[in-house]
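Student: give me a model of this one.
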Amino acid sequence: MKAARIFLVGTALAVVPPALSGCSSGPGVGPEKPVDASALVQVSPAGGKAVDPNAPVVVTAQNGARLTDVTVVADGGRRLAGTLAGDGHSWRSSAPLAAGTHYTVRVTAANGDGDGRGSVQKGFTTLTPAATLTATLTPGDKALYGVGEPITVTLNHPVHDPAARQVVERGLTVRSTPSVVGGWYWVDDSTLHFRPQSYWPAHAAVSAGFDLGGARVSEGLYGGTPATAGFNTGDKLLAVTDASSDYMSVFRNGERIRSIPVTTGKPGFSTRNGIKVVLEQAQHVFMNSSTVGIAADSPNAYHLDVYWDTRVTWSGEYVHAAPWSEGSQGVSNVSHGCTGMSTGNAEWFYNTFRRGDLVQVVNSAGHEMEPFGNGFGDWNLDWSQWQKGSALGKPVTTAPVGPTGGAPAASVGYLRPTA
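Tutor: Modelled structure (predicted):
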């Protein structure tokens, strides 16, 4: 159970008189008399400000009284979980308080004789933290993405301690319709990714949230403002380029819809093997070889206007139009690492694929796609490797998306080109 995110009402006991026949209350049975509960109840913290959020809330009955109802509520409406002792003489919180928050404690108690009952209300405010942990979640535009798009979380403060990382993971939620099994991976102290065990289902709705409820993360650092994100997936689109045959096969939902002659990286510039995810697209990019470390006076230098560009790595690998190499496409590898094709095929590819779609290269002499840092190479880690990146060390089964989750796919316009 996520201790920092429990929304349960404080435990309550009700005094229920024995059942009576007929409509009369019977002899000797009358209404309870009101009593001054302030003399029957002790609440800790006693009040004021700067209460340590790690301190428990304890309510104790006095003078032979018995607690019948205890509720602790933050100003925002969040209720604090707690447990009432079996004898009704004490109540203790079972979840941490949020920092920088005012709480109201409402207690009802019965007197020792059992013929009177009264209520009392107390309040206190927890200290304002020195620092709060917030997160930026992406993609959050509720747009349509490919089935390979991971959820990313970027924290505003680094979190290195394993116990603190567990607190962060407990504050993260992922929902999807249909449900999937997935997991979190700490890329570094400030970045987490979430991906399913396999890809997202086609035409899924996905949402994610971060909410620590003000809970303590580490010394001086507490949960801050909640954040949410949501998106939808379209068809499952996968392009597989075989660098040995110089052909790309394009699959939609498992069915091959197109075979495209291509050229990939020549010796010394071999295209990376592995699974990549479309990062962005542009109809025109000016490509300058000096930006990737090729000197301007090198015989390999280039300065080109390139069209119908689909980026798959931040270091400059694209699928794009290469009319200058059409004679080599389907025959040999002559590029500087990109996957080149005819202008017509590149325009079709550009209009068919979107962010989050999958582009895979096999049988290249190049090295493997990095899992992180050069785009989304998350899918190049197998599931057992991925699970090792979680602080909690266990998979997540997503709950269905609620009414505030990702926008329905029907509300998002997108192209469905034919083969």
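
Student: and stretch 61-68, end to end?
Tutor: Using C-alpha to C-alpha, to the nearest Å, the end-to-end distance of stretch 61-68 comes to 10 Å.

Student: tell me which element the one residue sitting closest to the centre of the chain falls in.
Tutor: Against the mean C-alpha coordinate of the chain, by C-alpha atoms, centre = their mean, the closest residue is residue 208 at 4.1 Å. Per DSSP states H and E: residue 208 is located in strand 205-210.

Student: tell me what whichever helix or strand residue 43 is part of is packed against?
Tutor: Per DSSP H and E, residue 43 falls inside strand 41-44. For strand 41-44, the elements it packs on are strand 58-61, strand 102-110, strand 116-125, judged by 3 or more C-beta pairs under 8 Å, 6 or more residues apart in numbering; DSSP states H and E. The C-beta positions use only the backbone N, C-alpha and C, and glycine is treated the same way.

Student: what about the residue lying closest to residue 370 once chain neighbours are set aside, how many neighbours?
Tutor: Leaving aside its chain neighbours, residue 370 sits nearest to residue 377 (5.1 Å; criterion: C-beta to C-beta, 6 or more residues apart in numbering). Here the count is done by other C-beta atoms under 10 Å, and residue 377 has 20 residues near it.

Student: what do you get for the one 4 residues further on?
Tutor: Other residues near residue 381 come to 16 when the count uses other C-beta under 10 Å.

Student: likewise residue 270?
Tutor: 18.

Student: I'd say it and residue 244 touch.
Tutor: No. Look at residue 270 against residue 244 with C-beta atoms under 8 Å: they stay out of range, at 11.4 Å.

Student: show the contacting residues for residue 66.
Tutor: Counting by C-beta atoms under 8 Å, 6 or more residues apart in numbering, residue 66 makes contact with 13, 87-89, 109-110, 112.

Student: export those as JSON lines, with columns for pLDDT, neighbour count and distance to residue 37.
Tutor: Shown next, in JSON lines, are these (pLDDT from 0 to 100; neighbours: other C-beta atoms under 10 Å; distance: C-beta to C-beta, whole Å):
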{"residue": "13", "pLDDT": "39", "neighbour count": "16", "distance to residue 37": "15"}
{"residue": "87", "pLDDT": "93", "neighbour count": "9", "distance to residue 37": "18"}
{"residue": "88", "pLDDT": "92", "neighbour count": "17", "distance to residue 37": "14"}
{"residue": "89", "pLDDT": "94", "neighbour count": "16", "distance to residue 37": "14"}
{"residue": "109", "pLDDT": "94", "neighbour count": "28", "distance to residue 37": "5"}
{"residue": "110", "pLDDT": "93", "neighbour count": "23", "distance to residue 37": "9"}
{"residue": "112", "pLDDT": "84", "neighbour count": "14", "distance to residue 37": "13"}
